[in-house]
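K.L.:
got a predicted model here, sequence first, then my questions.
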Amino acid sequence: MPNSIKRLFACLDDADADAAHQPAHRPSKGSKGSATSSDGTHSAKKPRSSSSSSVLTRTTTSLCRVARKLRSNPITPQRSFKGPTDHAPRFSDDTEADDPNGRWGPILSISDEALVSLVSLFTFSTQRKSATNISVIARTNGRNNALYTVQYYCPSLIKVCVRVPACGWGDRWLPSDADALRNVAHTMRYVQKHTTLPVPDVLQYDTTFNNAIGAPYLMMSYVHGRPLPEVWYDRAAGSTKSLEDKRQAILRSLATVTASLRSLTFTKMGPLLFRPVNGDDQDQRPYVAAAVMAPFGRPMKKSKGKFNPQDHLSTPENDSRAFFFHCLDAARAYAIAHERTSEVRGVFKLWRLLMEEMPWPERSSSTRITYGKSNHGEGNEDEGVETFVLGPPADFDAASILVDEHSGAVVGVVGWDGLETQPLMLGWPTCPDLLTVDWTRGISWPRRPPFAARTKEMATVDIIEDGRSWDAYRADYAAHLQAAIGAGGLQASGFPCELYARKGHLYQAVLRSLDDLDQMREVLDRVLEVTLPRVRRADLVVSVGEAGLSAEQERYVRAKFRELLR
């Protein structure tokens, strides 16, 4: 369940503890209305307001009642669906502003000499040759990892990247982090072997401090390319292709390599893991199980106590519909505990209708879909299982995809931290994250290209776009994906992938907003703008929260939601 929902339980625990340890404050006989000071004298005691006391009592009682109700209906543990990548923009938080070393420690100051020694030992141990002219040519860092680019001759020019986790120092490095780094390495090798995705070669990794740089690391081959969003908006890059031709080349290339993920299927949703082995077994089979999915770049929050890995535990699930409705219930409980208004209740009532009209897979057959309310009774328990799949890292995060700035071809897919299997509607058939911005984040003017501008021309270009532009690109991507799959296209895959390719951006917007009430409001605005045009959203939501919908109104709204989602 989302972290924001977990905070609700912490608040409820505090309320329970306060209620249990609250002293009675009954004055002794003959001392009513007075208090004894430290020197034994009596002073006038200000009487407590009866109205304030009654309000506090009612509030505490209500919180305890909500706590008992929530704990009697356990919520599914959290799953992180969105993860930052090394190519995402930097961000700051309160701890990093006050203490730059609070997050990174010594990681950003690893010496060139140590990196040169590491690469020298690698080349000698793997190639039985000594590399020459070893030098560090670039130092960068994203949210979770520092990245050092090293070049050497052995005998030709070779470049490698040494990736060091932000938490790879001192007591910040936990056993769960070591497991996560090992899983990243084996995930990259597994995907590279079984698909055509251009994943960098994993040359070597170490989850300990017993190496030349004194930190855990992953060494991989260098990929010459730029993050997809930079090239998508860059009108200045030297190329014989027009910007539109380059965009179509990007979509075509991405669809071609992504289609190869369709052969990898799983029976559970959750963290993709690899078993520890002696040596460096490069041919492991993955499995899905519970794991700590904390990012390497987690900030140090000194004021809130030590980091607790269990707060980031992700568990396997076999029913995506049940999982996301559990998340909806938990999000509603948390939101109403903080904003007990008709508007909030209305948002969640309409959101439930929206989710009920999504094309959820039936448990009895993962190739069939169902709309509206479903009833998974005891008779359905053994009739079948849902199929789960993979998507590119960070759920199709476009910044994790590197492309050739001249041709638009996809040359690398990086940042495989925290990979989890997904429902098909959120996996490989869906469009890239870049093509979902009009629904997930909205479009604002004036808008500038994302990431740091590479040229003066790029920095001065305003982006003119609206939702119809993204509609067209999503249709183009779905067509390229259909062509990449070949005979029969998406319809012949045995799954409703054609539907997921056309509508996946909507499913992402709905399901990935569940832990953010403000985001839910924004997405609901866009949904109602399309399904109920020119209806006053604010009035509708408040009215639904106060009195609900009549049977006829609910049928109409369901029909409109279903029309949008399929």
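P.N.:
The structure has been received and is ready for your questions. Residues are numbered from 1 along each chain as shown.

K.L.:
quick check: bridge partners of Val403?
P.N.:
Residues in a beta bridge with Val403, per DSSP bridges, are Arg226, Val410.

K.L.:
and it, how many residues sit next to it?
P.N.:
25 (other Cβ atoms under 10 Å). The C-beta positions use only the backbone N, C-alpha and C, and glycine is treated the same way.

K.L.:
same question, the one 4 residues further on
P.N.:
Ser407: 17 surrounding residues under other Cβ under 10 Å.

K.L.:
for it, which non-adjacent residue is spatially closest?
P.N.:
Ala249 (6.2 Å; Cβ to Cβ, 6 or more residues apart in numbering).

K.L.:
now do the contacts for that neighbour.
P.N.:
With Cβ atoms under 8 Å, 6 or more residues apart in numbering as the criterion, the residues that contact Ala249 are Lys241, Ser407, Gly408, Ala409.

K.L.:
now, among those residues, which is nearest to Phe296?
P.N.:
Distance to Phe296, by Cβ to Cβ, is smallest for Ala409 among the contacts of Ala249, at 29.5 Å.

K.L.:
spatially nearest residue to the closest one, not counting backbone neighbours?
P.N.:
With Cβ to Cβ, 6+ apart as the measure, Ser253 is the residue that lies nearest to Ala409, at 4.7 Å, once sequence neighbours are left out.

K.L.:
end to end on stretch 224-231, go ahead and measure it.
P.N.:
13 Å (Cα to Cα, to the nearest Å).

K.L.:
buried residues, that stretch. List them.
P.N.:
Gly225, Arg226, Pro227, Leu228, Pro229, Glu230, Val231 (16 or more other Cβ atoms under 10 Å).

K.L.:
hmm, back to that, sticking with the residue nearest to Ala409, tell me its helix or strand.
P.N.:
Under the criterion of DSSP states H and E, Ser253 resides in helix 243-258.

K.L.:
and for Glu405?
P.N.:
Applying DSSP H and E, one finds Glu405 in no helix or strand.

K.L.:
pretty sure Leu197 sits in a helix.
P.N.:
No. Counting by DSSP: H, G, I helix; E, B strand; the rest coil, Leu197 is not part of a helix but coil.

K.L.:
what's it in contact with, if anything?
P.N.:
Listed by Cβ under 8 Å, 6+ apart, the contact set of Leu197 reads Val191, Val257, Thr258, Ser260, Leu261, Pro392, Val413.

K.L.:
I'd say the last one and Thr195 touch.
P.N.:
Think Val413. No. Proximity of Val413 to Thr195 does not meet the contact threshold set by Cβ atoms under 8 Å, at 9.5 Å.

K.L.:
okay, and the common contacts of those two?
P.N.:
With contacts taken as Cβ under 8 Å, 6+ apart, Val413 and Thr195 have Val257 as neighbours in common.

K.L.:
looking at those two, which is more packed in?
P.N.:
Using other Cβ under 10 Å, the more surrounded residue of Val413 and Thr195 is Val413, with 24 against 20.

K.L.:
what sits closest to that one if chain neighbours are left out?
P.N.:
Nearest residue to Val413 in three dimensions, chain neighbours excluded: Leu197, at 5.1 Å (Cβ to Cβ, 6+ apart).

K.L.:
for the one you found, give its distance to Arg189.
P.N.:
The gap separating Leu197 from Arg189 is 12 Å, by Cβ to Cβ, to the nearest Å.
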